[in-house]
Each structure stands twice: as C-alpha cells, then as structure tokens.
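Asker: Just a sequence and a predicted model for now, questions to come.
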Amino acid sequence: MLSLHRPATVAGSPASEPPTGRAAVGRRSDSGRTASYRGGVRISLLGPLAVDGEPGEVVLRAAKERTLLATLALRPGVVVGPDALIDALWGDSPPASARKTLQTYVSNIRRELGPDVIATTASGYRLSVEPDDVDVSRFRSLVRAAEEARARGVEPEAREHLWAAVALWRGDPFAGARPHTGLAAEAVRLQEEYLTALEARLAADLAAGSHGELVAELEKLVREHPFRERLWGHLMLALYRSGRQADALAAYQRARARLGQELGLEPGGELRRLEQAILAHDPTLDLPGPAPAAAGHEPAPARSPVRYAVAPDGVHVAYQVVGDGPIDVLAVPGFVSHLDLWWDAPTDRLVRRLASFSRLILFDKRGMGLSDRPASVDLEHWVADARAVLDAAGSDRAVILGISAGAPTAALFAANHPERTRALIMYGGYARFLAGDGYDCGPDRDSVESAIRDMEARWGTGVGLSLYAPSRAADPASRQFWARYQTISASPGAAATFLRALAAVDVRRVLPSIGAPTLVLHAARDQIVPVEAARHASELIPGATLVELDSDIHLIWLSDVVDEITRAIEAFITRAAPVAAVDRVLATVLATSHDDVLVPQIAERWGGRPLGRPGCAAFDGPARAIRCARALVSELGGVGAAVHSGECEPDGDGLRGVAVDVAAELAAGARGGEVLVTQTVRDLVVGSPIAVEPRGRRAFRGVPGDWEVFAVTSAGG
C-alpha cells in the first residue's frame, strides 16, 4: 500500500557516505542548493512508492490508483492524455468503462491529497507539482549537474552530485504499483539509468584515489550484476591500484567465464584493453582516472550515462552524449545497434576521435539495443526518433551522420528538417539497395532474401563478417565483436525484419531536396554496398562531396581507415558553412477531393498543420498523413484524399510548390472513401504496416514523366 504522510523534518542525506568521509550532499535542485519541502506534495518512486503530503498519513489501497499517481509523477507539471493513462493502467485490454474508471481514480486521489493536486485539462490530466518534488526528476537533475561540473573540470563537485543521485534510490522503482502495467518498462529504463549513474560515481571515486575502499563494494556489485562489464573494469582497476595485479587479472577471467558460460560472449574491447594494460603494467593505470588511454590515443572523452528521449508516440529512445566539442554530431546507426558497441570494438579510436572535435550524440533507434521495441518500425519512426534525441540532448542543429543502413534515415531527416541540419554525412550508405526501377547498383530481391534467411539462422555467431569486413574475417577479436554486436543488438527475427525493410527503402526522390552541405564516405571495395551506390547518391544530392576510401570494410567500427574517416569528417564539418536560410523543405502533403470545415480539425488531431490552401494539410511524414487521410474519408463520407511527399517552399505559415499541386491534383481524381498515394510515398512507408495496391500510372502538370499511383488498402496502427 502507498503510505502518504507529512514528514516532521526534511529528508536526510544518503544512507552511506562518500569514501572521503565528507557527508554527501542532500537532495538538490538543478542549481545545486539543497531543496526544502514545499507545502504541497513530494513523491518518491525510486523504491516503494511514498508520498509526503499535507493531509497527514493516508493510504491509497487500490494498486491502480498508486500506478496512476506514479505515471503522472513521471511527468510532473505535464499534461498526460487519457489514452496514455489507460494504457499504463490496463495495457492492451482496457475495460469498456476505462475512461469512467480513470475519472474515479483521479477523484479518489484528489480526495486524499487535495483537490488541486491533479488538474484536469481539455487534453488530459496534469500532476500539479514541481519537477523537484519527484525523486526521479531530482535524480536526473543531479546526474546532469554532475556532467556539467565535469565539463567545467570541477571533479569534486561532480562526485558529490553523483553520490547524491545514487543515494536517492531506496530499492526497485515503483514497488507497490501493479507490475504488469506500463510502469514495468519504465522501471527497466530507470534501473539502467541508476546503474550507469552508479558506474559514473564509482569512476569518480577511482579518480579521487579511493580504490582501496571500493573493492568490497565492487565485489558485491559484480555478483549482483555479473554482465555489467564496466563494473568489472572498475573492480580490476581498483584491485590493480591496490597492489593486487594477480587479483585484477583473476577478476578479468571471472568476468570472461560468466559472459562465456551464460551469454556465449567474449568480453568487449574496453575490458580486453584494460586487461592488456594491467598485464603490461601500463604506467597510465597509476594516474588518477577511471581508465587508461592507450599510447597515442586521445584521452577518454566525457561520457554521459544512458538517457531516454521520448518520441511523439511515446516510444523511449536510448541515447548517450560523448565529448563536449563545439559542433553537435548525431550518429544515426545502421540496421541494428547497441550503445555499448561504440566502446567495445577492438579499438575505440573511432569514438575517441569523433568526440575529440565534436559533441557526439549516439542513440539506438527504436526496436534495437537499449530502446523500446514496439510492434512495428519504419523509416518515418526512425526520423522521429532522431528528432526526439536532438530535442532531449538540447541540440538545435547538428551534423547528421548516417552510418550504413542509417544513411537513408539521415538523408530523410536532412530533407524533412533542414533547420535542424548543419550538414549531412553518409558513411557506407545508399539511397536504394535493391536493383530495379531504373537502378542497377544493388542485388536482386531473391539474393537478398536468401542472405537474410541465412543470417537469421546463424545470428549471433559472427555470420557475414567475410562480407562486411573481408580483410578482418580471420581476426578473432573482430569476429568476437561482430558476434557480440549481433547478440546484444536485436533478436534474430527482429534483425531479419529490419534488413528486409531497409533493403526495400528508396529515398532517391528525396535526395535532390537536400540543401545542407553533404559528405559521402565509402569504402572503395565494399562488398555489402558497392561504391557505385555511393556515387549514385552523391550525384543526386546538390553539391555533395564524395570520398572513396582505400578499404574493403563496411563496418565503421572495424574499419582499417579510421584515421582517414575521422580526418575527413573533421575537415568537412569545420569548413562546411550551414545554410543560413531554409528556402525549401521536404514535406508530406495531404489533400482532399473537396474542402470541408472539419478537415483542419481532423488533420490537427493527427499532427498535421495548415497549408494555407483549402482541404490540405502538411505532415512531417507519410505514415501519419495516410492514417489521417483514412480517418478523414471515414468520418466525412463521400470525400477522397491523396498523399504526396515532395519539395515545398515555405510561404508564410504555410507551404507552396509542385508537391502541393501534385497532391491536390491526385486528390481530385480520388473516389469517395479512397486514399491515393504517389510512388514516392510508397517508397517511404516500406516496412510499416501500411499496405497499398497499384492504381496504374499517371502524369501531373509541371512534373516530367509519369508516376505510379497506389491506393491504400490498410493503414495498420
């Protein structure tokens, strides 16, 4: 049961003290000042749910009421829609009376905590507390304050913040809420944030010379979390600095045995490099700091804990910020990814070099790595993920680095969001993968399907390395890395699904609308994506620069020309001047066969915005526009609709141009209840649940040639 009471005093300091013997700081706000209780409500979620409030001791007996309060407390001061709350309370099986029951739960909580604690708005409910009144928000604020202090070079302050953040945890989050609700996934994410913050605190303790006092704590932690390699690394370093080299090496073997026996994995590159340094008595191990830098390498860059951005549809996207350079670089990963893999490659020179001249923002796209894994994903979702990560990382404008199969996502982002794109870089990428439709640079569909089936059957064994990195195929460390990459990034079925979707993507018609400075990097002897694909893509992007690398390695983490890659990127982003004014943008236009006063209202409900033209609306991506179009023709009756993606020109608060004209012309020929789309839209929704069927070819005024047209038969979710 959730107990609510008004405390007699302000909550105290953490249960344990820093090894230095100084008292850890108390609960702090962003400014670092110890926060005092307000007269309202303070909520603790990092352990058994508890609330300090005005009414005295109160018990919320219903688990769903506790779950509701916890869900609202995760976003203090922010309106949460009823659909999101219903999903958190009942998941996929809400009762018919869900909305009425939700209102009852809200009333019950108000009766216990006061009428103003939960506010009702037109679009949902808002918990009326300050972020600092919720321990989750305080925890995250303290972690950010630690990073800021470290960036300023004030390590003792950073250490204090991390101690205070970790001390807020009293046990498993949300204890007392219903375990099968939407809070279960949030609990997993919070546990990851806790462990990365704890690892950062331990690294700060090592840097402060507290290795002797840490050994016992680290031994306990590696027993509790045997697959956290960074904890093993901290233990090895603490033992070594305590004069116990043999024990440090034995700890490595213990870690290796656990990983091998339970997961079938070898330790990652970061842990292996530390073992080699201990064997060699590397003098850099004796310096203050959590880990050594190999000779000739840049010093270890500042590395944030894993955080989560929230995409517009509520999906959580894991990201990490590395370095503090003057220019932001957002790395869009390939068909699968995991944030740890940037550090676990046989050499971490790639991430060190990139972070030496930039603020590198890494993320796992939805469906893979540490991010949520929804039922379906597509290119539009991944673009939305990239934008959500930039927002969460506080980046107004970034260089978008698309790696391998991440290149189409990066290109589409640059076209859709030119105001957020400083420059575009594509490494090992393509605009279209499969041969056909006037494109002969890729393999045929049957060959790709055969390769995908083989990869799915042998996923996790390092299958495909002889193609992805031929010159590394006989290297045990590279094979171990590639096998590990596969195992922790995605399941075999998910990997196969992503490959099929990405192989069918075609963004050729998008590339001419990209106005940002563009660099295309490609291994000249790449056997996965032939260099001809890069040449074709660079010819379609106005002013693009192509650099062909003397290599046969497609995987950037295993590349034998890392220095050439990073030098080319550094030189390019240093000299590339971002476009000052955006005079064209890729947009998805929805048009209806005839106007209706309800069109703007329905479009807004689906995230559309007015174009300044009757019966039309603009969207950031085609999937949402198609679903809106289906809703329009269903609700209005007798109305047809069309969707087209193309280049538009900003016109006041709206858009104009050929893309708007094409959508309107296509809509004029749509029958009542029918939604038509162009070939461009069809190519962009590949991989989504949206299904279309051919409706022949047609010409449009002002557009050369004729285009395939399709009718939407299903819009999925």
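Answerer: Received the coordinates, thanks.
Asker: What is the burial count for the residue nearest to residue 119 when sequence neighbours are not counted?
Answerer: Among residues not flanking residue 119 along the chain, residue 126 sits closest, at 4.6 Å (CB to CB, 6 or more residues apart in numbering). C-beta here means a position set from N, CA and C on the backbone, and glycine is covered the same way. Look at residue 126: counted by other CB atoms under 10 Å, it has 18 neighbours.
Asker: C-terminal to the helix or strand hosting residue 126, what's the next element?
Answerer: Element membership for residue 126 (DSSP states H and E) is strand 124-127. Following strand 124-127 in sequence order, the next helix or strand is helix 135-151 (DSSP H and E).
Asker: quick one: residue 715 and residue 689 touch, right?
Answerer: Yes: the criterion here is CB atoms under 8 Å, and residue 715 meets it with residue 689 at 7.3 Å.
Asker: Now for residue 249, how many residues are close by?
Answerer: 16.
Asker: Report the contact partners of the closest residue to it other than its chain neighbours.
Answerer: Nearest residue to residue 249 in three dimensions, chain neighbours excluded: residue 278, at 6.1 Å (CB to CB, 6+ apart). Listed by CB atoms under 8 Å, 6 or more residues apart in numbering, the contact partners of residue 278 are 236, 240, 245, 248-249, 252, 285.
Asker: now, the most widely separated pair of those?
Answerer: Spanning the widest gap among those are 252 and 285, at 13.4 Å by CB to CB.
Asker: Just want to know which of those two has more residues nearby.
Answerer: Between residue 252 and residue 285, counted using other CB under 10 Å, the more crowded position is residue 252 (22 against 19).
Asker: so where does that one fall, helix or strand?
Answerer: Using DSSP H and E, residue 252 falls within helix 245-263.
Asker: what packs against that helix?
Answerer: If you count contacts as 3 or more CB pairs under 8 Å, 6 or more residues apart in numbering; DSSP states H and E, helix 245-263 packs onto helix 211-224, helix 229-241, helix 269-279.
Asker: In the shortest one, which residues are buried?
Answerer: Meaning helix 269-279. 269-275, 277-278 (16 or more other CB atoms under 10 Å).
Asker: Among those, find me the one that's closest to residue 325.
Answerer: Residue 325 has its nearest neighbour among the buried residues of helix 269-279 in residue 270, at 21.5 Å by CB to CB.
Asker: ok, back up a step: among the contacts of residue 278, which has the minimum pLDDT value?
Answerer: Model confidence across these bottoms out at residue 285, which has 90.
Asker: Now do the contacts for that one.
Answerer: Counting by CB under 8 Å, 6+ apart, residue 285 has contacts 237, 240-241, 277-278, 292.
Asker: quick one, the longest helix seen in the chain and helix 135-151 angle?
Answerer: Determined from DSSP state H, the single longest helix within the chain is helix 183-207. Interaxial angle, helix 183-207 versus helix 135-151 (axes from the mean of the first three to the mean of the last three CA atoms, to 10 degrees): 30 degrees.
Asker: thinking the residue nearest to residue 119 is in contact with residue 77, fair?
Answerer: Yes: using CB under 8 Å, residue 126 makes contact with residue 77 at a distance of 6.5 Å.
Asker: which residues of the stretch 401-550 of the chain fall in strands?
Answerer: 421-427, 518-523, 545-549 (DSSP state E, counting those that start in this stretch).
Asker: any chance of the ones you listed in a markdown table, with mean pLDDT too?
Answerer: Output for those, formatted as a markdown table (pLDDT from 0 to 100):
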| stretch | mean pLDDT |
| --- | --- |
| strand 421-427 | 96 |
| strand 518-523 | 97 |
| strand 545-549 | 97 |
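Asker: Could I get those in CSV, plus columns for distance to residue 584?
Answerer: Shown next, in CSV, are these (distance: least, CB to CB, whole Å):
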stretch, distance to residue 584
strand 421-427, 13
strand 518-523, 15
strand 545-549, 20
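Asker: right, so of those, which gets closest to residue 361?
Answerer: Relative to residue 361, the nearest member of these by CB to CB is strand 421-427, separated by 12.3 Å.
Asker: quick revisit: which other helices and strands contact the strand holding residue 126?
Answerer: Packing partners of strand 124-127 (3+ CB pairs under 8 Å, 6+ apart): helix 63-73, helix 82-90, strand 118-121.
Asker: Restrict it to CA atoms and write it as PDB.
Answerer: The C-alpha coordinates for strand 124-127 follow below in PDB (Å, rounded to 0.1, in the frame of the first residue of the first chain):
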ATOM      1  CA  GLY A 124      -5.800  15.100 -20.100                       C
ATOM      2  CA  TYR A 125      -4.600  15.300 -16.600                       C
ATOM      3  CA  ARG A 126      -1.600  17.100 -15.000                       C
ATOM      4  CA  LEU A 127       0.100  16.500 -11.600                       C
END
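Asker: list the contacts for residue 655?
Answerer: Residues near residue 655 by CB under 8 Å, 6+ apart: 585, 587, 589, 611-612, 618, 648-649.
Asker: Which of the residues you listed has the largest number of neighbours?
Answerer: residue 589 (30 neighbours).
Asker: what about that residue, which SS state?
Answerer: Classification of residue 589 using DSSP: H, G, I helix; E, B strand; the rest coil returns strand.
Asker: Against residue 696, how distant is it?
Answerer: Using CB to CB, to the nearest Å, residue 589 is found at 21 Å from residue 696.
Asker: I figured residue 317 was touching residue 364, is that so?
Answerer: Yes: between residue 317 and residue 364 there is a contact under CB under 8 Å: 7.0 Å.
Asker: Need the pLDDT of residue 392.
Answerer: Here, the pLDDT recorded for residue 392 equals 93.
Asker: How about the one 10 residues further on?
Answerer: Model confidence at residue 402, expressed as pLDDT, equals 97.
Asker: contacting residues for the closest residue to it other than its chain neighbours?
Answerer: Leaving aside its chain neighbours, residue 402 sits nearest to residue 410 (2.7 Å; criterion: CB to CB, 6+ apart). Contacts for residue 410 were tallied using CB under 8 Å, 6+ apart; they are 332, 386, 400-402, 424-426, 429.
Asker: Measure how the longest helix of the chain sits relative to helix 63-73, angle-wise.
Answerer: Interaxial angle of helix 183-207 relative to helix 63-73 (the same axes, to 10 degrees): 50 degrees.
Asker: Tell me where the stretch 51-200 of the chain is predicted with low confidence.
Answerer: Along the stretch 51-200 of the chain, segments meeting pLDDT under 70 span 53-59, 176-182.
Asker: switch to 80 and redo it
Answerer: Counting by pLDDT under 80, the stretch 51-200 of the chain shows low-confidence ranges at 52-62, 91-92, 151, 176-182.
Asker: can you check the stretch 251-400 of the chain too?
Answerer: 287-304, 347, 375-376.
Asker: Now do the strands in it.
Answerer: Going by DSSP E, counting those that start in this stretch, the stretch 251-400 of the chain shows strands at 307-310, 316-322, 328-332, 359-363, 398-403.
Asker: Any chance of JSON lines for those strands, columns distance to residue 91?
Answerer: As requested, these are exported to JSON lines (distance: least, CB to CB, whole Å):
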{"stretch": "strand 307-310", "distance to residue 91": "18"}
{"stretch": "strand 316-322", "distance to residue 91": "16"}
{"stretch": "strand 328-332", "distance to residue 91": "31"}
{"stretch": "strand 359-363", "distance to residue 91": "26"}
{"stretch": "strand 398-403", "distance to residue 91": "35"}
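Asker: now these in TSV, with distance to residue 150 and mean neighbour count?
Answerer: Below are the strands of the stretch 251-400 of the chain laid out as TSV (distance: least, CB to CB, whole Å; neighbours: other CB atoms under 10 Å):
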stretch	distance to residue 150	mean neighbour count
strand 307-310	15	20
strand 316-322	12	24
strand 328-332	18	27
strand 359-363	14	27
strand 398-403	22	27
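Asker: Nearest to residue 489 among the ones you listed would be which one?
Answerer: It's strand 316-322; of the strands of the stretch 251-400 of the chain, that one is closest to residue 489 (CB to CB) at 12.0 Å.
Asker: Give me the neighbour count for the closest residue to residue 518 other than its chain neighbours.
Answerer: Closest residue in space to residue 518, ignoring its immediate chain neighbours: residue 544 at 4.1 Å, by CB to CB, 6+ apart. Other residues lying near residue 544 total 19 when counted by other CB under 10 Å.
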